[in-house]
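[1] Fold the following.
(chains A and B)
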Amino acid sequence: MIAERDLIERSRSGDVQAFSRLIGRYEDRIYRLAKHVCVGLPAEADDVYQDTFLTAFKKLKSFRGDSELGTWLYRIASNLCLMRRRKKSSEPFVPLLDSPHDHDDGAAHQFRDWSTTPEEAANKKELVEKVTGALAKLPMDYRLVLTLRDVEGLSTAETAKILKLSVAAVKSRLHRGRLFLRDEFERAFGAKESRR
Amino acid sequence: MKLERLSCRRRVALLLDYLDRELPASERKLLARHRASCRSCTGLLASLGRTVRTLHALKRVSKPPVSACRALAAELRSIEGTLP
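    Numbers count the residues shown, from 1 in each chain, chains lettered A, B, ... in the order given. Below is the predicted model:
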């Protein structure tokens, strides 16, 4: 496998073939981010995916390598999502996010754990729809944090770096967003199976 | 440090770091011990853990559509050689 820094160097001098190999390494991650942040708007997700790599190709000369290429691409994609939101007039208002129940009785919240459900394959499409439907109810700032941290599995510090937020701000959005989604998942997946 | 003496907010912050495996080993041990005797914290951790695992399962899906890949490739070809 060709080293990433060699591909970056070749891409910097305008080699589209080398850049296409870089796209191949990162396209799933960038498309997932775009899809989950621009949830419910597949055309927007496609545009963010394409614009991320076009922007990266044009600006690769300014990429100094201080961060990982993946982090830089996530940052471009996140900014593109946020710029698109600014053009739109409305965002969902979620009262729960303003006053989350910080320490409630977690035992009362039960839902089927999708990650370990045996019939997952058969029901996958429906479950993906339910999870993305719940994500869509959150404002974009929360979707970005939850997608980078909990879907992509980045650390809190990496997420903060990409979004140019403080670690405390990321943690706050993460917690409020998770509490909201927990309640949504409970409604969507049903509590009866787990309450024995 | 006694967990019971902490404010609710601070305790939740510790629980979140515990859930995300971002606590130093010493505090992690303390939390694990507290968890064994606290139904409320155990419940909160379990329900948030399920939420995170459910979200993480989205990582298994999502390939860019062929049409978007083709459009990107065409755009790149069109600007090849035009960049300064």
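[2] alpha carbons only for contacts and neighbour counts from here, please
    Fine.
[3] interface residues of chain B facing chain A?
    B:8-9, B:12, B:16, B:39-48, B:50-59, B:61-65, B:68-69, B:71-73, B:75-77, B:80-81, B:83 (C-alpha under 8 Å from any C-alpha of the partner chain).
[4] now those residues: which count as buried?
    Buried members of those, scored by 16 or more other C-alpha atoms under 10 Å in any protein chain shown, are B:12, B:16, B:40-48, B:50-59, B:62, B:64, B:68-69, B:72-73, B:76, B:80.
[5] From the residues of chain B next to chain A, which land in helices?
    B:8-9, B:12, B:16, B:39-48, B:50-56, B:68-69, B:71-73, B:75-77 (DSSP state H).
[6] How about the contacts made by the residue nearest to the spatial centre of chain A?
    Nearest to the geometric centre of chain A sits residue A:147, at 2.5 Å (C-alpha atoms, centre = their mean). The contact partners of residue A:147, by C-alpha atoms under 8 Å, 6 or more residues apart in numbering or on different chains, come to A:33, A:36-37.
[7] tell me the pLDDT at the closest residue to residue A:175 other than its chain neighbours?
    Closest residue to residue A:175 apart from its sequence neighbours, by C-alpha to C-alpha, 6 or more residues apart in numbering or on different chains: residue B:16 at 7.5 Å. On pLDDT, residue B:16 comes in at 89.
[8] What of the one 5 residues further on?
    In the predicted model, residue B:21 carries a pLDDT score of 90.
[9] try residue A:107
    Each residue has a pLDDT score; the one for residue A:107 is 51.
[10] Could you do residue A:110 as well?
    Note for residue A:110: predicted pLDDT of 60.
[11] Packing partners of the helix or strand bottoming out on mean pLDDT in chain B?
    Least confident helix or strand, chain B: helix B:8-19 with a mean of 83, by mean pLDDT, DSSP states H and E. Counting contacts by 3 or more C-alpha pairs under 8 Å, 6 or more residues apart in numbering or on different chains; DSSP states H and E, helix B:8-19 is packed against helix B:25-37, helix B:39-56.
[12] How far off centre is that helix?
    14 Å (C-alpha atoms, centre = their mean, to the nearest Å).
[13] got it, and stretch A:19-35?
    How far stretch A:19-35 lies from its chain's middle: 13 Å, per C-alpha atoms, centre = their mean.
[14] does any bit of that stretch sit next to chain B?
    Yes - with C-alpha under 8 Å from any C-alpha as the criterion, chain B is reached by stretch A:19-35 at A:20, A:27-28, A:31-32, A:35.
[15] any idea of the mean pLDDT in the helix or strand where residue A:9 lies?
    Taking DSSP states H and E as the criterion, residue A:9 maps to helix A:4-12. If you average the pLDDT over helix A:4-12, you get 93.
[16] Could you point out the helix or strand that follows the helix or strand of chain A with the lowest mean pLDDT?
    Ranking every helix and strand in chain A by mean pLDDT, DSSP H and E puts helix A:95-98 at the bottom, with a mean of 56. Following helix A:95-98 in sequence order, the next helix or strand is helix A:120-136 (DSSP H and E).
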